[in-house]
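Peer 1: here is a sequence with its predicted model. Questions after.
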Amino acid sequence: MFDIGWDEMLLTAIIAIVVIGPKDLPRALRTAGQWIARIRRVSGHFRTGIETMIREAELEEMEKAWREKNDAIMSAHPPGSASAEAALVGPDPGAAPLMTPLPAPAEAEAAAPELPLPAPKAD
């Protein structure tokens, strides 16, 4: 992220030991860690808020597109038209069925030829 190498880290540590002193260094590092954690939390909340706003904007765009398509469909098929009523009622009951019904189980057994059973295997 900041592209800090080992030599730069070593130089920073030496300067921190000289300036802060070895006695107060742990307290200074703890304070720096707390500040970094606080900054990360705030940036995480900020990032979450931005992502939520983006998601809401995308949802609004999708709802707008859906409304436009729905309006186009409704204008092409007004509620009083025959095609709209056929879609609501379903197929014509007097029309030929699309598929033939399966035979009843008793009829299927009577129509099935008798097949010989395989002989048991001897072990």
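Peer 2: Done, it's in. Numbers count the residues shown, from 1 in each chain.

Peer 1: use CA for all of it now, contacts and neighbours both
Peer 2: Fine.

Peer 1: helices or strands up against the biggest helix by length in the chain?
Peer 2: Across the chain, the helix with the greatest residue count (assigned by DSSP state H) is helix 25-76. On a contact count with 3 or more CA pairs under 8 Å, 6 or more residues apart in numbering; DSSP states H and E, helix 25-76 meets helix 6-20.

Peer 1: coming back round to it: and the angle from the longest helix of the chain to helix 6-20?
Peer 2: Counting by axes from the mean of the first three to the mean of the last three CA atoms, to 10 degrees, helix 25-76 points 130 degrees away from the direction of helix 6-20.

Peer 1: what is the rounded mean pLDDT of helix 25-76?
Peer 2: For helix 25-76, mean pLDDT is 92.

Peer 1: likewise for stretch 5-18?
Peer 2: On average, stretch 5-18 scores 88.

Peer 1: enumerate the positions of it that are buried.
Peer 2: Of all the residues in stretch 5-18, those buried under the rule 16 or more other CA atoms under 10 Å are residue 16.
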